[in-house]
Each structure stands twice: as C-alpha cells, then as structure tokens.
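A.B. asks: Below: sequence and its predicted model.
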Amino acid sequence: MSPRTYFITGSSRGIGLELVKQLAAKGNIVIASARNPDGAEQLQQLVDNKKVFAVKLDVQSEESVKAAVAKVNEISPDGIDVLINNSGIIAPKGSISTTTDPEVWGEIYQTNVVGVVRVTQQFLPVLRKKDTRQIIQISSDSASLELANRANLNAPYHCSKAGLNMFSRCLSHDLADEKFTCVCIHPGWVITDMGGSNADLTTEVSVSSMLKVFEKYTQKDNGWYGNWKGERMPW
Ligand SMILES: NC(=O)c1ccc[n+]([C@@H]2O[C@H](COP(=O)([O-])OP(=O)(O)OC[C@H]3O[C@@H](n4cnc5c(N)ncnc54)[C@H](OP(=O)(O)O)[C@@H]3O)[C@@H](O)[C@H]2O)c1
C-alpha cells in the first residue's frame with residue numbers, strides 16, 4: 001500500500017503509541033497527538049519531524065482541537081488520509097448503572113463520545129483534501145448491546161462506547177455521498193494502563209493485527225464494526 005498520512009489521538013501511551021510506532025515503521029507519515037506531547041517520553045523518541053510529528057490535543061477542549069487542526073494544516077497542507085480516534089478513558093471499577101454518580105458518566109462521555117465528535121467535525125475539512133477519507137474509531141466489545149449479557153462493572157464506559165459506535169454509524173450515512181469510510185474496531189483485550197496486566201494481547205500483537213484489517217478497508221466497509229482479527233461484531 002502506498003504511504004498515507006495518519007492523525008491519531010491519545011498517542012502518549014498504550015495502543016495509540018504502538019499505532020504511531022508501527023505505522024511509521026511501514027513508511028507512513030504519522031501526526032501523533034497527545035494531551036502533553038512534551039511529557040510523553042516514548043512518543044518523543046519516535047518524533048523526527050519528517051515522518052513522525054507530535055501535536056498537542058485534548059479532545060475535551062474545543063480550543064485545543066482547533067489549534068491542532070491549524071498545526072496539521074502547516075505540517076501537511078495536502079490534508080490527511082486517515083483519522084484514528086483512539087483516546088479513551090474508563091470509569092473506576094465497580095461503576096455500576098444503579099449507583100454511579102452522573103458526574104462520572106458526564107466525564108466519560110465528554111472524552112469517549114463528545115471528544116470524538118469534536119475532533120471528527122474539526123478534522124473533516126482536512127480529510128476532504130484527499131480521496132482516502134477514512135475515519136477509524138478505536139471502539140470496544142464493550143460497545144455491543146448484544147454481547148452485554150451479564151452484570152457489568154463499568155456501565156458508563158460501556159454506554160459511552162455504544163454511543164461512539166452510533167456516532168460512527170450516523171457518520172457513515174452522513175458522509176457516504178462524499179465517499180468516506182467510517183468504521184469501528186475492537187482492538188481486543190490489550191495489556192495497557194486501561195486493559196491491565198492480565199489482558200490477552202500485547203499492544204504489538206493487537207496493533208499489527210489491526211493494521212492488516214486497516215489495509216483492507218475500502219469504501220464498501222463504510223459503517224463496519226468488527227474486531228482486530230477483521231471479524232464483524234454484533235452491534
Ligand atoms: N486496552 C484494552 O483492552 C482496550 C479494549 C477495548 C478498547 N480499548 C480502547 O482503546 C483505546 C486506547 O486504549 P488504551 O488501552 O491504549 O488506553 P490507555 O493506555 O489508558 O491510553 C489512553 C490514551 O488516551 C489518552 N487520553 C485520555 N483522555 C484524553 C483526552 N481528554 N484528550 C486526548 N487524549 C486523551 C491518554 O492520554 P494521557 O496520557 O494524556 O492520559 C492516553 O494516550 C481507548 O479508546 C479504549 O477505550 C482498549
């Protein structure tokens with residue numbers, strides 16, 4: 001596949017950092033964003049300002065997202081091929097539907113849903129400059145209503161990821177005429193600060209598998225929801 005220009009949110013650690021590493025190793029241009037890029041040591045080791053660039057972005061701040069768009073327009077005046085909305089947060093364990101403070105729900109939604117809406121809307125003009133026009137949401141199996149068949153200990157997170165999936169589904173319809181490809185992918189249960197140390201997959205395995213799936217996306221996949229192995233998932 002010919003090299004592409006990617007913009008990624010939440011690149012300071014975990015899955016986002018590994019996406020930067022592997023996409024750059026394949027010869028792509030990667031604009032990696034983080035809330036505090038200067039303090040993200042592992043990210044800084046990848047930055048060369050030729051193929052890997054670091055940009056400050058907090059998805060909760062309109063001002064920050066606008067400043068990031070301006071920076072991306074300087075770095076890549078011809079636009080970006082792919083936006084990867086990766087950043088995400090989870091509520092404390094035990095956040096069940098009956099008792100969890102609505103303030104906690106608000107905080108999770110601000111990052112996992114509203115933040116993604118904000119970034120996506122602001123980046124649409126940058127994506128429209130190219131023909132590739134892919135928007136990839138790093139979703140979760142926690143988003144699936146059909147798979148939610150037992151008591152769950154992180155209701156705000158599950159609901160937010162379901163909201164993210166619906167946002168992606170709406171986008172897929174609203175941008176279909178402009179030939180966008182809007183998809184949601186579950187990365188697996190991955191060893192990160194969020195996934196914990198008992199998870200199934202390393203970031204290396206999760207991301208290398210996801211990249212094989214990304215490489216096959218065409219506009220026919222617009223509206224897709226699936227996992228790191230490329231299997232469709234039930235909504
Ligand atoms: N790990 C898993 O098993 C798993 C499973 C399913 C889905 N996922 C999804 O995969 C994505 C990445 O998760 P991860 O496991 O890599 O988590 P992680 O290690 O906790 O990393 C989360 C990333 O999101 C960033 N972030 C948080 N709030 C942000 C904000 N307001 N603005 C910008 N960036 C923000 C963090 O930045 P800071 O360093 O500044 O905090 C960090 O870079 C998430 O969307 C998560 O829901 C993960």
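C.D. replies: It's in.
A.B. asks: hmm, the helix ranked longest in the chain in reach of the ligand?
C.D. replies: Counting by DSSP state H, the longest helix found in the chain is helix 155-174. No. Helix 155-174 does not reach the ligand (CB under 6 Å from any ligand atom); its nearest approach is 6.5 Å. Any C-beta I mention is one placed from the backbone N, CA and C, and that applies to glycine too.
A.B. asks: Run through the strands of this protein in chain order.
C.D. replies: 5-8, 29-34, 52-56, 82-85, 134-138, 181-186, 225-227 (DSSP state E).
A.B. asks: Out of those, flag the one nearest the ligand.
C.D. replies: The ligand lies closest to strand 134-138 among the strands of the chain, at 4.3 Å (CB to the nearest ligand atom).
A.B. asks: so what does that closest one touch, helix or strand wise?
C.D. replies: With contacts taken as 3 or more CB pairs under 8 Å, 6 or more residues apart in numbering; DSSP states H and E, strand 134-138 sits against strand 82-85, helix 115-128, helix 155-174, strand 181-186.
A.B. asks: one more time with 7 Å, if that's ok
C.D. replies: strand 82-85, helix 155-174, strand 181-186 (3 or more CB pairs under 7 Å, 6 or more residues apart in numbering; DSSP states H and E).
A.B. asks: So which residues on the protein come close to the ligand?
C.D. replies: Residues of the chain lying near the ligand (CB under 6 Å from any ligand atom): 9-10, 12-16, 34-36, 57-60, 86-89, 111, 115, 138, 140, 186-187, 189-190, 192-195, 199.
A.B. asks: Give me the buried entries from the residues you listed.
C.D. replies: 9-10, 12-16, 34-35, 57-60, 86-89, 111, 115, 138, 140, 186-187, 190, 192, 195 (16 or more other CB atoms under 10 Å).
A.B. asks: Distance from the longest helix of the chain to the middle of the chain?
C.D. replies: When distances are taken as CA atoms, centre = their mean, to the nearest Å, helix 155-174 is centred 12 Å away from the chain's centroid.
A.B. asks: In contact with residue 107: list those residues for me.
C.D. replies: By CB atoms under 7 Å, 6 or more residues apart in numbering, the contact list for residue 107 is empty.
A.B. asks: any idea how far it is from residue 168?
C.D. replies: Residue 107 sits 21 Å away from residue 168, going by CB to CB, to the nearest Å.
A.B. asks: What sits closest to residue 136 if chain neighbours are left out?
C.D. replies: residue 84 (4.8 Å; CB to CB, 6 or more residues apart in numbering).
A.B. asks: Quick one: residues contacting the one you found.
C.D. replies: Counting by CB under 7 Å, 6+ apart, residue 84 has contacts 6, 8, 19, 136, 138.
A.B. asks: Against residue 138, how distant is it?
C.D. replies: Applying CB to CB to residue 84 and residue 138 gives a distance of 7 Å.
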